[in-house]
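Asker: Please find the sequence and the predicted model below.
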Amino acid sequence: MDILKRNYFWWNKWTGYSLLILLLVATPLFTIFIKLFDSPGGSWSHIANNLLLGYFQNTILLLLGVALMTFLLGVSTAWLVSNYEFPGRRYFEWLLILPLGFPGYIMAYTYVGLLDYTGPIQVFFRNNFDLQVKGSLIDIMNLPGAIFILSITLFPYVFLITRSSFLQQSKTLQEASFLLGANRFKTFFKVALPMARPAIVAGIALASMEVLNDYGTVKYFGVNTFTTGIFRAWFSMGDSSTAIYLAAILMVFVFVILYLESLQRGNRQYSSVNGIQKPIARVHPTLAKKIIYTGICSSVFLLSFLFPFLQLLQWVSLTYSKVVNQDFFLLIYRSFGLAAMSGILIVVLSIVLLYALRLSPFKWVKNITKIATLGYAIPGAVIAVGVMIPFIALDKWVYGTLFTSQVAGLFFSGTLFALVFAYIVRFMAVGYNPVEAGFQKIGIHVNEASRLLGVRSTRTLWRIDLPLIKTSLVSGILLVFVDVLKELPLTLILRPFNYQTLATKAFDMATNEMIAESANAALIIILTGIIPIIFLNRLIKKREL
């Protein structure tokens, strides 16, 4: 053991690589922090006097509304499928995760189409009951509508984590509650819910991060938030300094959410005293309750996935003949290629970070990996601003240093290089976590044995470690692939001129009143997003067994 300990050096090439990755990934936040010391832009006073209060109010109301609705939807359905046996329960375990594949902006304009005068609901009532309604059946293009749309797309975060917590709770604790005279209703509120509180808060925190990142839904519904304010300051007013100030305020919201989540979680641990965990036995309720439970889960699934999905299928059936052409397949090729390239790069960088930690398990190396993966908590609009400004400065330096005459084109800003770089910052944690799980499974003993045999670390990585974690590598690439495919704010700001992805094409067509035509690109995004959901459900099923 002493020999092995002496092989842990505080500095090697892997720690150098990890430090370089950290410096690159931290560029956006560092840029915003430095630029805060500059004077505000010319439009700042106008925004501060007329719009800033509205940004605050709408953002806070969105966060509170989505937190409440995702709590109600996620916890209630998680409790039912975890503790009761009723018709369809096995299907709802994975059906209720499917809304994660529905980006909020796609759900938004799909629901507008569903409730519109020419939508299927009004057509059905007009044709069968002669019920006439002027305009939309329900006006959801407002703040309450945005809360509803974001809640039904984000509640699976709470459902997934809370359901996993409920499944891991011991039957012994519930039996003790029953012996003390508590019924199931009281046991839920006094025992199960407090035990699952860290999981619930974590799920709500994830949903809140997505709310802060959202641009498509609030933009389409005309709800002014800090994200739309950043876009307005950057594109409409041409004021990068004001965009930075708004991005900094938005980051305050992020840090507050992270702090509250950490404060709620603390060091709480719930475990059985004797270490024996009895799995929870599902209850067989009465027939009336079975019907109610099936109805609750069915209603949530219909509203959050099936109705909008069927509406998209109808639009695709009406428009695919004039939308699906050579240009559309080129759009798919570009989007998939961009997502795949980003996924591979992120997984490669994740391997470097984790191998540095594997060879030098010191606290400062662990801190490097933690900071390098914080980008997922940062809204895409903030990262875009933090990437664009230094890249524009880099382009100016290149022109001024290397060229004496005017040169057309851009080297960094407004190119795919900048876009992929921003994806790496944003989604590093998405690819990092599966790779980390793979390294943890194989343990450290392989590396220790390799070092004792005098084999170099790079050879050990290529010949032993990577083949053993190839499933985790594929999972990491797949998860990043799906997230990049859905990402809208980053792509809208940083994409090259006239460059479209499936996400930007769907959004642009919807905002230009071509909702039915946009369904073709949206359907591909959703079907692709369903793939990792299958893996998530399998993972939870393994834990349950």
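Answerer: Cool, got the structure. Here the structure is a predicted model, which is why all the values come from computation and not from measurement. Numbers count the residues shown, from 1 in each chain.

Asker: quick one: pLDDT of the closest residue to residue 282 other than its chain neighbours?
Answerer: In this structure, residue 282 finds its nearest non-sequential neighbour in residue 85, 4.5 Å apart by C-beta to C-beta, 6 or more residues apart in numbering. Any C-beta I mention is one placed from the backbone N, CA and C, and that applies to glycine too. Residue 85 carries a pLDDT value of 90.

Asker: Burial check on residue 85, number of neighbours?
Answerer: Residue 85: 14 surrounding residues under other C-beta atoms under 10 Å.

Asker: That one contacts residue 289, correct?
Answerer: No. Contact criterion C-beta atoms under 8 Å: residue 85 and residue 289 do not qualify, at 10.6 Å.

Asker: elements contacting the longest helix along the chain?
Answerer: Identified as the longest helix of the chain according to DSSP state H is helix 326-359. If contacts are counted by 3 or more C-beta pairs under 8 Å, 6 or more residues apart in numbering; DSSP states H and E, helix 326-359 sits against helix 13-25, helix 363-372, helix 416-442, helix 470-486, helix 502-511, helix 515-544.

Asker: Can you say which of those helices is nearest to residue 124?
Answerer: With C-beta to C-beta as the criterion, residue 124 lies closest to helix 515-544 of those, at 17.9 Å.

Asker: so where is the stretch 1-150 of the chain shaky, pLDDT-wise?
Answerer: Flagging of the stretch 1-150 of the chain using pLDDT under 70 yields the residue ranges 1-11, 130-131, 133-137.

Asker: Which stretches in it count as helices?
Answerer: 2-6, 13-25, 27-35, 44-50, 52-83, 89-95, 104-115, 120-129, 143-168 (DSSP state H, counting those that start in this stretch).

Asker: so which of these comes closest to residue 370?
Answerer: Judging the helices of the stretch 1-150 of the chain by C-beta to C-beta, what sits closest to residue 370 is helix 13-25, at 9.8 Å.

Asker: The closest one - contacts with which helices or strands?
Answerer: helix 326-359, helix 363-372, helix 416-442.

Asker: weakest of those helices by average pLDDT?
Answerer: helix 363-372 (a mean of 79).

Asker: Could you measure from residue 17 over to residue 355?
Answerer: For residue 17, the distance to residue 355 (C-beta to C-beta, to the nearest Å) stands at 9 Å.

Asker: same question, residue 322
Answerer: From residue 322 to residue 355 the distance is 51 Å (C-beta to C-beta).

Asker: Could you report the neighbour count for residue 193?
Answerer: 15.

Asker: helix or strand for it, which one?
Answerer: helix 193-195 (DSSP states H and E).

Asker: any idea which helix or strand comes after that helix?
Answerer: Assignment by DSSP H and E places the next element after helix 193-195 at helix 197-213.

Asker: What are the buried residues along that next one?
Answerer: Going by neighbour count (16 or more other C-beta atoms under 10 Å), the buried part of helix 197-213 is 198-213.

Asker: Centre of the chain to it, how far?
Answerer: 10 Å (C-alpha atoms, centre = their mean, to the nearest Å).

Asker: send the alpha carbons of the helix or strand following that helix over as CSV?
Answerer: As assigned by DSSP H and E, the chain's next helix or strand after helix 197-213 is helix 216-221. Taking Å, rounded to 0.1, in the frame of the first residue of the first chain, the C-alpha atoms of helix 216-221 are listed here in CSV:
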residue,chain,number,x,y,z
GLY,A,216,-38.8,29.3,-26.5
THR,A,217,-41.9,29.0,-24.3
VAL,A,218,-41.8,32.4,-22.7
LYS,A,219,-40.9,34.1,-25.9
TYR,A,220,-43.8,32.4,-27.8
PHE,A,221,-46.2,33.3,-25.0
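
Asker: So which elements touch helix 216-221?
Answerer: By 3+ C-beta pairs under 8 Å, 6+ apart, helix 216-221 packs against helix 104-115, helix 143-168, helix 226-231, helix 502-511.

Asker: Reformat the ones you listed as a markdown table; add mean neighbour count and distance to residue 464.
Answerer: Formatted as a markdown table, the helices and strands packed on helix 216-221 follow (neighbours: other C-beta atoms under 10 Å; distance: least, C-beta to C-beta, whole Å):
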| stretch | mean neighbour count | distance to residue 464 |
| --- | --- | --- |
| helix 104-115 | 25 | 43 |
| helix 143-168 | 24 | 32 |
| helix 226-231 | 24 | 45 |
| helix 502-511 | 22 | 38 |
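
Asker: and of the ones you listed, who's closest to residue 127?
Answerer: helix 104-115 (16.0 Å).

Asker: ok so, going back, how close does the residue nearest to residue 282 get to residue 284?
Answerer: Applying C-beta to C-beta to residue 85 and residue 284 gives a distance of 5 Å.

Asker: likewise residue 354?
Answerer: Look at residue 354 and residue 284: by C-beta to C-beta, they are 46 Å apart.

Asker: Name all residues that make contact with the residue most central in space within the chain.
Answerer: Most central in the chain under C-alpha atoms, centre = their mean is residue 210, positioned 5.9 Å from the mean C-alpha point. The neighbours of residue 210, taking C-beta atoms under 8 Å, 6 or more residues apart in numbering as the test, are 104, 150, 154, 157.

Asker: And residue 382, by the same measure?
Answerer: Residues in contact with residue 382 (C-beta under 8 Å, 6+ apart) are 28, 32, 230, 247, 250-251.

Asker: related to what we said a few turns ago, packed most tightly, which of the helices and strands packed on helix 13-25 would that be?
Answerer: Among the helices and strands packed on helix 13-25, ranked by average contacts under mean count of other C-beta atoms under 10 Å, first place goes to helix 416-442 (a mean of 22).

Asker: just how off-centre is that one within its chain?
Answerer: 13 Å.

Asker: what do you get for stretch 430-447?
Answerer: Distance of stretch 430-447 from the chain centroid (C-alpha atoms, centre = their mean) equals 22 Å.

Asker: Please export the C-alpha coordinates of that stretch as PDB.
Answerer: The C-alpha trace of stretch 430-447 is given here as PDB (Å, rounded to 0.1, in the frame of the first residue of the first chain):
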ATOM      1  CA  VAL A 430     -24.500  15.300 -18.800                       C
ATOM      2  CA  GLY A 431     -21.600  13.300 -20.300                       C
ATOM      3  CA  TYR A 432     -19.500  13.300 -17.200                       C
ATOM      4  CA  ASN A 433     -21.900  11.500 -14.900                       C
ATOM      5  CA  PRO A 434     -22.300   8.200 -16.900                       C
ATOM      6  CA  VAL A 435     -18.600   8.000 -17.400                       C
ATOM      7  CA  GLU A 436     -18.000   8.600 -13.700                       C
ATOM      8  CA  ALA A 437     -20.400   5.800 -12.900                       C
ATOM      9  CA  GLY A 438     -18.500   3.400 -15.300                       C
ATOM     10  CA  PHE A 439     -15.200   4.200 -13.600                       C
ATOM     11  CA  GLN A 440     -16.700   3.600 -10.200                       C
ATOM     12  CA  LYS A 441     -18.000   0.200 -11.200                       C
ATOM     13  CA  ILE A 442     -14.600  -1.100 -12.300                       C
ATOM     14  CA  GLY A 443     -12.900   0.300  -9.200                       C
ATOM     15  CA  ILE A 444      -9.300   1.500  -8.700                       C
ATOM     16  CA  HIS A 445      -7.700  -1.900  -8.300                       C
ATOM     17  CA  VAL A 446      -7.100  -2.200 -12.100                       C
ATOM     18  CA  ASN A 447      -5.000   0.900 -12.100                       C
END
